[in-house]
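Enquirer: give me coordinates for this.
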Amino acid sequence: MSLPLSPAPFPLARPRRLRAAPWVRSLVAETALTPADLIWPLIVHDGAEARVPVPSMPGVFRLSPSEAARAAVQARDLGIPLVALFPNVDAATKDAVGTGATDPDGLIPDCIKAIKDAAPEIGVMCDVALDCYTDHGHDGVVENGRILNDASLERLAEQAFIQAHAGADVVAPSDMMDGRVQAIREALEANGFHDTLILSYAAKYASAFYGPYRDAVGSAAMLSGDKQTYQMSFANSDEALREVAMDIAEGADAVMVKPGMPYLDIVRRVSETFRVPTFAYQVSGEYAMIQAAVANGWLDRDRAMIETLTAFKRAGCAGVLTYFAPEAAKLLGR
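Expert: Alright, predicted model coming up:
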């Protein structure tokens, strides 16, 4: 049932009464943001340095496994429930099929172990895609310039198994190959990983907002062509619902929309249509834009950070991946 815009005419109704003081604004707030709504993406690397700054993402560092473990302890102490790992590996180790993605002694298994040893209470999520490990920068197997869907599924399922075997709590396929959720779920079930969650990047758009992230993980220089044959067109909304429906039917426990702020209409449609946990990613380009505006004195960082993250919750998100997670959690903890 639709409600009238105002329960009574002015001056009987004065909406500003409910905005007159901080206590009443807090009391009637429709949306609450807490540290438990945040997922902290960690860029990890296999270099010798403990921390390497990412120039296009001020405040973000590539972390060694031991530093990732320290970040996980910080996350636990701040009330952040989940960290997400994204690898930057030596370019010399990359090849056409992303062999490093399925190395049981590779960077991601090392980071999972370090984090679980340091902060076993923290959930660990791993990205399932080949782009960080391939010499062409694509998320799947490439042959004669074409991304091969079905051949990629085998590699992605093996990658997810390696992550689960290493102790990952959540595997998150971000590759956008058709059928990858089913392939991963079948591989997990066949190997006894019945409780491993799949958080699918179900509606991932071909976006200009990924640039700083690709620099951070070292795939930008490798990428040949673009990803428009598998990532979605930003012109489409109904297509997102079809993608989400497929992933849920194939065994996804939760779904994600990526990028975030330009796609809050998609978040709302997905969360209202399917009533499953729906997440969004405040991606590197969104983060970098806010940080650049802050550096120029055009925005108040704390206010912009909390406002944008609250907008995700208001749109229907169960949680948000954001590089602002530790700073936001500190503010919210006050």
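
Enquirer: was I right about Val320 contacting Phe279?
Expert: Yes: using CB atoms under 8 Å, Val320 makes contact with Phe279 at a distance of 6.8 Å. C-beta here means a position set from N, CA and C on the backbone, and glycine is covered the same way.

Enquirer: give the residues shared as contacts by those two.
Expert: Common neighbours of Val320 and Phe279 are listed as Ile39 (criterion: CB atoms under 8 Å, 6 or more residues apart in numbering).

Enquirer: just for this structure, where's the confidence low?
Expert: Judged against pLDDT under 70, the low-scoring parts of the chain cover residues 1-6.

Enquirer: for it, which helix is longest?
Expert: Across the chain, the helix with the greatest residue count (assigned by DSSP state H) is helix 149-166.

Enquirer: which elements pack onto it?
Expert: Counting contacts by 3 or more CB pairs under 8 Å, 6 or more residues apart in numbering; DSSP states H and E, helix 149-166 packs against helix 107-118, strand 123-128, strand 141-143, strand 170-173, helix 180-190.

Enquirer: buried residues in it?
Expert: Using 16 or more other CB atoms under 10 Å as the test for burial, helix 149-166 gives 149, 152-153, 155-166.

Enquirer: not counting sequence-adjacent ones, nearest residue to Arg19?
Expert: Spatial nearest neighbour of Arg19, excluding adjacent residues (CB to CB, 6 or more residues apart in numbering): Arg25 at 5.8 Å.

Enquirer: swap that for Ala166, please
Expert: Nearest one to Ala166, counting by CB to CB, 6+ apart, is Pro109 at 3.7 Å.

Enquirer: ditto for Thr134
Expert: Nearest-residue entry for Thr134: Gly98, 4.5 Å, with adjacent residues in sequence omitted and distances by CB to CB, 6+ apart.

Enquirer: neighbours of the one you found, how many?
Expert: Summarising burial for Gly98: neighbours were counted as other CB atoms under 10 Å, giving 27.

Enquirer: can you start the count at 424 instead of 1 from here on
Expert: Fine by me, first position is 424 from now on; the one you just mentioned is Gly521.

Enquirer: wait, Cys740 sits on Thr701?
Expert: Yes: when contacts are counted by CB under 8 Å, Cys740 is listed as touching Thr701 (6.0 Å).

Enquirer: can you list residues touching both of these two?
Expert: Any residue near both Cys740 and Thr701 by CB under 8 Å, 6+ apart counts here, and that gives 690, 694.

Enquirer: tell me which of the helices and strands packed on helix 572-589 sits most buried.
Expert: Across the helices and strands packed on helix 572-589, averaging neighbours per residue (mean count of other CB atoms under 10 Å) puts strand 593-596 on top, at a mean of 26.

Enquirer: C-alpha coordinates for that one, PDB please?
Expert: Extracted as PDB, the C-alpha positions of strand 593-596 are listed here (Å, rounded to 0.1, in the frame of the first residue of the first chain):
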ATOM      1  CA  VAL A 593      34.400 -17.600   0.600                       C
ATOM      2  CA  VAL A 594      35.300 -18.000  -3.100                       C
ATOM      3  CA  ALA A 595      34.200 -15.100  -5.300                       C
ATOM      4  CA  PRO A 596      34.200 -15.800  -9.000                       C
END
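
Enquirer: counting contacts, what elements does it pack onto?
Expert: Taking 3+ CB pairs under 8 Å, 6+ apart as the contact definition, the neighbouring helices and strands of strand 593-596 are strand 546-551, helix 572-589, helix 603-613, strand 620-627.

Enquirer: tell me the SS of Pro432?
Expert: Following DSSP: H, G, I helix; E, B strand; the rest coil, the label given to Pro432 is coil.

Enquirer: so how far is Pro438 from it?
Expert: As defined by CB to CB, to the nearest Å, Pro432 lies at a distance of 12 Å from Pro438.

Enquirer: and if you look at Ala537?
Expert: In terms of CB to CB, Ala537 sits 52 Å off from Pro438.

Enquirer: again, but for Arg499
Expert: Separation of Arg499 from Pro438 (CB to CB): 41 Å.

Enquirer: more neighbours: which of those two?
Expert: It is Arg499, of Arg499 and Pro438, that has more neighbours when counted by other CB under 10 Å, with 17 against 9.
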